[in-house]
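Participant: A structural model of the following input is requested.
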Amino acid sequence: MGRHYDEAAIPDAMRRNFDVYDRIKSLGIELGTFQENVVSLAGAGIAAAVFQESGLVYLSGSSGGTYPMNDDEDRIRHGQQGAQDAADEQIKRLHWALSCGDEGDLNDVLYTVKALGMVVSPGGGGTSAGPPVTNGFSFRWHSVFGGPRSDYAKDGVDPGGFAGIHARSAIGGFDGRFSIEPEIILAIPATLAREIIGNRGWVFPLPPAMLDKVKPSRGG
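Facilitator: Numbering: from 1, shown residues only. A predicted model of the protein is given here:
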């Protein structure tokens, strides 16, 4: 596991017993390259991720899918795939936000905290697609970090633990040219959060001066 994770106050029975990156590879999640994903914050309107000194990490939403939702089974499956794609994008973003300065990586994530799924379903009450569509997002986090509905669970129990399960709200009624925009909050060790903030600040992508600071270690 990660250096910071190993020192965290987690009950032994709830510690992950696998390398998160082995699951990411098995699930086919592409993480891309440093050059593609670690860029300057110059001109940005919002942050992709913000670190709080306590160890909370806030990720901005990512949209997924191309159609609004209704109760049709094929349309819900489309939304679930879009939600899973959004999870993959955020997992990739979190990887680089944690690792770009060589402070930590996804193996240092303690657990996921809270997700919000905003499902495009004009008219709101005309469909109950919000929760099942958002499941595509939530269950992907189960699969990567451990959870009862992960691809690796048997009889509702993931042998890798429960670090991917989270509190959640899932609501519909939004307009948009996509299916869902989910967001999530995670917990990392406070020691890692302070190291990241002290080394390169609390925001990702990186301010220009911080980007110039971390590039040399990646051959940039």
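Participant: What are the boundaries of the strands in this structure?
Facilitator: Remark: strands of the chain, listed N- to C-terminal, are 49-51, 56-59, 111-120, 167-174, 180-187, 203-204; assignment by DSSP state E.
Participant: Mind picking out the helix or strand in the protein with the poorest mean pLDDT?
Facilitator: helix 3-6 (a mean of 88; mean pLDDT, DSSP states H and E).
Participant: In it, which residues are buried?
Facilitator: For helix 3-6, the buried set under the neighbour-count rule, 16 or more other C-beta atoms under 10 Å, comprises His4, Tyr5. For every residue, glycine as well, the C-beta is placed using N, CA and C.
Participant: Now do the same contact list for Ser217.
Facilitator: Contact criterion C-beta atoms under 8 Å, 6 or more residues apart in numbering gives Gly101, Asp102 as the residues in contact with Ser217.
Participant: Ser121: how many residues sit nearby?
Facilitator: 27 (other C-beta atoms under 10 Å).
Participant: from the chain's centre, how far out does stretch 118-130 sit?
Facilitator: The gap between where stretch 118-130 is centred and where its chain is centred comes out at 23 Å by C-alpha atoms, centre = their mean, to the nearest Å.
Participant: Kindly export that stretch (C-alpha atoms) in CSV.
Facilitator: The C-alpha atoms that make up stretch 118-130 are tabulated as CSV, following Å, rounded to 0.1, in the frame of the first residue of the first chain:
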residue,chain,number,x,y,z
MET,A,118,-27.2,14.8,-11.1
VAL,A,119,-29.1,13.0,-13.8
VAL,A,120,-30.5,14.6,-16.9
SER,A,121,-34.2,13.8,-17.0
PRO,A,122,-36.3,16.8,-18.1
GLY,A,123,-39.5,16.9,-16.2
GLY,A,124,-38.1,15.4,-13.1
GLY,A,125,-40.9,13.4,-11.7
GLY,A,126,-41.6,11.6,-15.0
THR,A,127,-38.8,9.1,-14.3
SER,A,128,-37.1,7.3,-11.3
ALA,A,129,-33.8,6.9,-13.3
GLY,A,130,-31.7,9.0,-10.9
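Participant: got the contact list for the closest residue to Pro207 other than its chain neighbours?
Facilitator: Nearest non-adjacent residue to Pro207, counting by C-beta to C-beta, 6 or more residues apart in numbering: Leu41, 5.1 Å away. Leu41 makes contact with Ala47, Val203, Pro205, Leu206, Pro207, Pro208, Leu211 under the criterion C-beta under 8 Å, 6+ apart.
Participant: can you pick the most crowded of those?
Facilitator: Using other C-beta under 10 Å as the neighbour definition, the contacts of Leu41 reach their maximum at Leu206, which records 23 neighbours.
Participant: pretty sure that one contacts Cys100?
Facilitator: Yes: contact between Leu206 and Cys100 holds when scored by C-beta atoms under 8 Å: they sit 7.2 Å apart.
Participant: Could you pull up the residues touching Pro131?
Facilitator: Contact criterion C-beta under 8 Å, 6+ apart gives Gly117, Ala170 as the residues in contact with Pro131.
Participant: I appreciate the help and will end here.
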